[in-house]
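1. need the 3D shape of this:
(one chain, ligands or ions: 1)
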Amino acid sequence: MPELRFEPGWLLVEDAPEPAEQIARSTVFALANGTFGLRGAPEEVPASVQGAKGCYLNGVYDTPRGLLTEREFPNLPDFACVWVEIDGERFDAAASALESYRRELDLSCGLLRRTVDWRTRSGVRAVLTFERFVAMHDANLAWLRVGVAVDRDCRLRLESGIDADVTNRWADHLKEVRFSQVGEAILCLAHTFDPGHQLAEMTVQFLAAPRAGELETTVDAKRYLERYTFELRAGEQALLLKPVAVHADRFARGSLKEACRATLRRALQDGWDRSLARHRRSWAELWERSRVDIEGDDEALLGIRFSQFHLLAAAPYRDARVSVPARGLQGQDYYGSVFWDCEIFVFPFYAYTQPQAARNCVGYRIATLDGARRKAASLGFEGAYYAWQSQETGDDQCDRYVFNNPITGEKIRSYFMDEQIHITADVVHAFRQYAEATGDERFWSEGGAEVVLEAARFFASRCTWVPERNRYEIHRVLGPDEYHENVDNNAFTNAMARETLLTALDLHARGLLRADERDAERWREVAERLYVPEPDPDTGLIEQFDGYFALRDEPIEQTNRRLAHPDLHKGGPLGPFQETRNIKQADVVMLLYLLRDRYSAEVKRANWEFYEPRTAHDSSLSPMAYALVAADVGRTDWAHRYYLYTSHIDLGAYGPHWNHGVHTASLGGAWLAIVHGFLRLRLAPEGPRLDGWPLLPESWRAVEARFVWHGRPMGVRAEPGRVVFENRSSEPVCVALPSGPAEVPPQGRLEAPFGVP
Ligand code: BGC
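-> You can find the predicted model right below:
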C-alpha cells in the first residue's frame, strides 16, 4: 500500500487518491465519537460500493432475513454523499484530472479534509474542499462542508442528501426505508429486521452561493437528494453545509423525529464554526488526559498518535450499555461484536486515562451478566460464562460452525464459543485493574462483585478433579492460540482461572463480595489445588498445554505450505498447525505479560525466545505481547520492533478483508507497549509505580505519557538517565520508584535520575 505521510505531530496525509486501497483507507480515515462511526470513503463514492462507506451506531444490532443471517451492526443510510458537477462533468477523485490532491486527517480533533485542484474538461480550474467531523461534543451529530471555488465562469451543480442504497457486506439490514420532509429538513426513517429497530437520520442542507439557482428534489424508494444548479463566476466560491443527526430508538429519549430535531437545533444555533470549535475543545480535553509523546522517532510517534486517535474515537463515553467492538465503530468486521480484545488490550488505556469510558466498559459486562449466566447454564455449568462474541444481551453470537471447508463445502465445527473460557477471567482481570487504577471501589457494590462471584462459580464448576494426580485440571479448552483446539491444561487459561478465584476470595475477605462460606471454601480449595503449568526448573519453559512439547517442531513456512487450500482454517484437525508447535498468536507470552509479577526475568526470557519463532502472528493481538515481554526483560530492540508492528497494523497493508474497521486490540497494545513496556508504569492502589527504570529505544530522546491516578491527572516523562513525574492535581501523590517511595507535590514535579546518563 502506498505510504501515508505524517506531518508531525498531528496530520496524517494522503497525497494521491488510492482507489485500489478504498477499504483500508476508509478505515484509516474513519471518524467516530463513541456513539457512532463514519467510514472515511470519499463523498462521491456511491453508497452501493461494497465495503467503502459505512455508518454504524454502537449497540444497535440486527439479524437480517434471507440466506445470510449474521447478527451485526446494520450499515446506516449514507449521509456523507455529495456530488459536484461542473459544466456537466461529475467530479470523481479516482477518475478526474487533478492538478493536486491532499486528504488529511487531523488527529488532534478528528477533522477530515480533502482538497483537490481539478481541471475540468471545459477548462475550469476548480478548488474543491470536502470537510467533515463526527461531533465529540454532541453524541448524535455529524457535519459536512463542501466548498467549490473556480477560476472561470461555469455552471455548477451540487447534489446531496441521504442515500439508503446501502448493504452490509453479506446482508441487507434495512427492511423498510421512508423519507419525508420536516420543514426544511430531510428525515430518513429505517427499520431493521430483528429486532425491529428504528433508525433515523435528519439533515438540513444549506447552500451559500453568490446567486440563486434552481433547486430540484428527487425522491425514490432509496434516496432523497436535493440538487442545486447555478452559475458561478470566476473567483467566486460556493459552500454547501450539512449538519446531520443520527439516532436509534434503543437510545433516543422520546420520538426519533424529536431527537433528531433537538440535535439539529443545537447544530444550527452554533453553525459550522462554533460547532467545530466545541468539537475541537472536546477532543483537546481527551488528549489532555491521554496524550503520549515520543521525541526522536516520528514513525513511533505516528503509531501511537494514530492508535490513540482511533481508541479515543471508539470509547463508550456516554452509555454503559455499549462497549468497544473488536473493530471499533470504524468498520463491520467481526459484526460489531465485543471480544476479549476490549478487556485485555483496549481497556487499560481507558482505565489509566479516561475512567468514565472504562466505567462504561465495566458496566457493559455488568449489564450483560444475565447472558453470561444463560450461556454457562446452557453448557451445564454454574455461574457466568461470558460470550466469546458479545452484543447487546450478552448471549453468545459466536456460531459453532464458523468456517466452511473450501474443499468439501462442509461446515467445520469450531470451538471458539464453547471452549475459549478465558474470556470470563479476562473480564475479571479488567475489573480488578479498573478498581486499582481509578480507586472506584463503589462499582463492586454496583454489580462488579456479582460478576466476580459468578465468574468464580463458573470456574469452580468448569474444573475437573483428577484423583490419580490429586489435583484439579481444566480440560478441553481453546487458549488464546486458536489453532490448537480441545487441549487440556492450557497454561494461560488455568493461570487466569486461578487469578479469578483468588480475586473472588480477596473481595470476599474484604467484605466486598457476599458469597456464602460454602462457595468461598470451594474456591479456596480449587485455587489451591488447580494445576497451573509451571516453568520447567531446568529450561524455564512453560508448556502451552498438555502434550505441546511432544508436537512436531518445524519452521512456520513449512506448516503454512501444508495448508490444503488457501481458504482453509489453519487450525483444528483439518489445518496443519494443530499437530505442530507453531501457534497462531501469543499464548504463554501473553500470560507472562498479564501476570508479570508471578514470573522471573529468566522465565520470561526463555519463553519469549522459545515461542517467538513459533508464533505466526496470524492474529493482530499477538505482536503487542512480544513487545511487552521484550521490554520487560530489557530487550529494547525487539520491543521497539514489535511496538512498530502493533501500532502500524492499520496503516500498513493487511489485506482488504481484515481492514474493515480498526484493530482495536493492536492499537491498545501500542499504548500498553509504551506505558507498561517502555515506561514501566503501573497504577497500583497505593499509587503510581515504576516496575523498573524506563527503557528508551536508541533513537528516542524522550517518551512521555499522561494518565489519571484515582482522579488525579498526572504525567510521566522519561529521558536517558532521568524520570520526571508531574502532578497536575491539587493533592500530593506518592509514587513508588525502583529506588524507593517519593512524593510528587500538588501542581508540582518530581525528578529522579537513574543509571548512567
Ligand atoms: C483472534 C482472537 C480475537 C478475535 C477478534 C481472532 O482472530 O484469534 O483472539 O479475539 O480475532 O479480534
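
2. around the ligand, pick out the residues from the protein.
-> Contacts of the chain with the ligand, taken as CB under 6 Å from any ligand atom, map to 326, 334, 339-341, 480, 482, 585, 619, 621, 665. Heads up, the C-betas are built off the backbone N, CA and C, glycines and all.

3. and residue 194, what is it in contact with?
-> 62-65 (CB atoms under 8 Å, 6 or more residues apart in numbering).

4. list phi and psi for residue 613.
-> With angles defined as degrees, to the nearest 10, residue 613 sits at phi -70, psi -10.

5. let me redo that: residue 335
-> Taking degrees, to the nearest 10, you get phi 60, psi 20 for the backbone angles of residue 335.

6. what is the burial count for it?
-> Per other CB atoms under 10 Å, the neighbour tally for residue 335 reads 19.

7. skipping adjacent residues, who's closest to it in space?
-> residue 72 (3.6 Å; CB to CB, 6 or more residues apart in numbering).

8. hmm, residue 15 and residue 7 touching each other?
-> No. Look at residue 7 against residue 15 with CB atoms under 8 Å: they stay out of range, at 11.0 Å.

9. how close does residue 541 get to residue 449?
-> Relative to residue 449, residue 541 is positioned 37 Å away (CB to CB, to the nearest Å).

10. actually residue 27, sorry about that
-> 38 Å.

11. more neighbours: which of these two?
-> Counting neighbours by other CB under 10 Å for residue 27 and for residue 449 shows that residue 27 has the greater number, 29 against 22.

12. which residues does the more buried one contact?
-> Counted by CB under 8 Å, 6+ apart, residue 27 has contacts 39-40, 330-331, 650, 659-662.

13. just the CA atoms from stretch 498-508 would do, formatted as PDB, please.
-> Provided in PDB are the C-alpha atoms of stretch 498-508 (Å, rounded to 0.1, in the frame of the first residue of the first chain):
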ATOM      1  CA  ARG A 498      -6.900 -19.300  39.400                       C
ATOM      2  CA  GLU A 499      -6.500 -15.500  39.400                       C
ATOM      3  CA  THR A 500     -10.300 -15.200  39.100                       C
ATOM      4  CA  LEU A 501     -10.800 -17.400  42.100                       C
ATOM      5  CA  LEU A 502      -8.100 -15.500  44.100                       C
ATOM      6  CA  THR A 503      -9.800 -12.200  43.200                       C
ATOM      7  CA  ALA A 504     -13.100 -13.600  44.400                       C
ATOM      8  CA  LEU A 505     -11.600 -14.700  47.700                       C
ATOM      9  CA  ASP A 506      -9.900 -11.400  48.100                       C
ATOM     10  CA  LEU A 507     -13.100  -9.500  47.600                       C
ATOM     11  CA  HIS A 508     -14.800 -11.900  50.000                       C
END
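
14. pull the residues that contact it.
-> Contacts for stretch 498-508 (CB under 8 Å, 6+ apart): 424-425, 428-429, 431-432, 444, 449, 452-453, 455-456, 459-460, 513, 515, 520, 523-524, 526-527, 530, 532, 595.

15. okay, now residue 662: neighbour count?
-> Neighbours of residue 662 (other CB under 10 Å): 30.

16. same check on residue 163?
-> Other residues close to residue 163 by other CB under 10 Å number 20.

17. same check on residue 364?
-> Using other CB under 10 Å: residue 364 sits among 23 other residues.

18. repeat for residue 426
-> 26.

19. so what pLDDT did residue 393 get?
-> Looking at residue 393, its pLDDT reads 96.

20. equivalent analysis for residue 657, please.
-> Residue 657 is assigned 50 on the pLDDT scale.

21. name the residues of the strand or helix carrying residue 242 that are buried.
-> Element membership of residue 242, judged by DSSP states H and E, is strand 237-248. For strand 237-248, the neighbour count (16 or more other CB atoms under 10 Å) marks 238-248 as buried.

22. reformat the residues you listed as a markdown table; add pLDDT.
-> Formatted as a markdown table, the buried residues of strand 237-248 follow (pLDDT from 0 to 100):
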| residue | pLDDT |
| --- | --- |
| 238 | 97 |
| 239 | 97 |
| 240 | 97 |
| 241 | 97 |
| 242 | 98 |
| 243 | 98 |
| 244 | 98 |
| 245 | 98 |
| 246 | 98 |
| 247 | 98 |
| 248 | 98 |
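
23. helix, strand or coil for the closest residue to residue 5 other than its chain neighbours?
-> Ranked by CB to CB, 6+ apart and with sequence neighbours excluded, the top spatial neighbour of residue 5 is residue 13, at 4.3 Å. Look at residue 13: counting by DSSP: H, G, I helix; E, B strand; the rest coil, its state is strand.

24. so what's residue 13 up against?
-> 4-7, 102-104.

25. looking at the residues you listed, which are in strands?
-> 5-7, 102-104 (DSSP state E).

26. who wins on neighbours among these?
-> residue 103 (24 neighbours).

27. center of this protein - which residue?
-> Centroid-nearest residue in the chain: residue 664, 2.8 Å away (criterion: CA atoms, centre = their mean).

28. next, give phi and psi for it.
-> phi -60, psi -40.

29. outline the domain layout of the protein.
-> Per automatic domain parsing, the domain ranges recorded for the chain read 5-256, 298-678, 680-757.

30. mind listing what the residue of the stretch 601-750 of the chain at minimum distance from the ligand touches?
-> Closest residue of the stretch 601-750 of the chain to the ligand, CB to the nearest ligand atom: residue 619 (3.8 Å). For residue 619, the contact set (CB under 8 Å, 6+ apart) comprises 482, 584-585.

31. if you set the cut-off to 7 Å instead, what comes out?
-> Residues near residue 619 by CB atoms under 7 Å, 6 or more residues apart in numbering: 584-585.

32. same check on residue 407?
-> Contacts of residue 407 (CB under 7 Å, 6+ apart): 564-565.

33. for the residue lying closest to residue 381 once chain neighbours are set aside, grab the count of nearby residues.
-> Of all residues not flanking residue 381 in the chain, residue 461 sits nearest, at 4.6 Å (CB to CB, 6+ apart). Look at residue 461: counted by other CB under 10 Å, it has 15 neighbours.

34. which element is residue 461 on?
-> helix 449-462.

35. off-centre distance for that helix?
-> 27 Å (CA atoms, centre = their mean, to the nearest Å).

36. counting by contacts, list what that helix packs against.
-> Using 3 or more CB pairs under 7 Å, 6 or more residues apart in numbering; DSSP states H and E as the contact test, the elements touching helix 449-462 are helix 369-378, helix 422-438, helix 491-509, helix 517-529.

37. closest to residue 211 out of these?
-> helix 422-438 (57.8 Å; CB to CB).

38. and the contacts of the closest one?
-> By CB under 7 Å, 6+ apart, the list of residues contacting helix 422-438 reads 340, 343-344, 347-348, 351-352, 355, 358, 362, 365, 384-386, 388, 440-441, 444, 448, 451-452, 455, 458, 479-480, 492-493, 496-497, 499-500, 503, 594, 683-685, 709-710.

39. just the buried ones from these?
-> Burial by neighbour count, judged by 16+ other CB under 10 Å, picks out 340, 343-344, 347-348, 351-352, 355, 358, 362, 365, 384-386, 388, 440, 444, 448, 451-452, 455, 458, 479-480, 492-493, 496-497, 499-500, 503, 594, 683, 709-710 from those.
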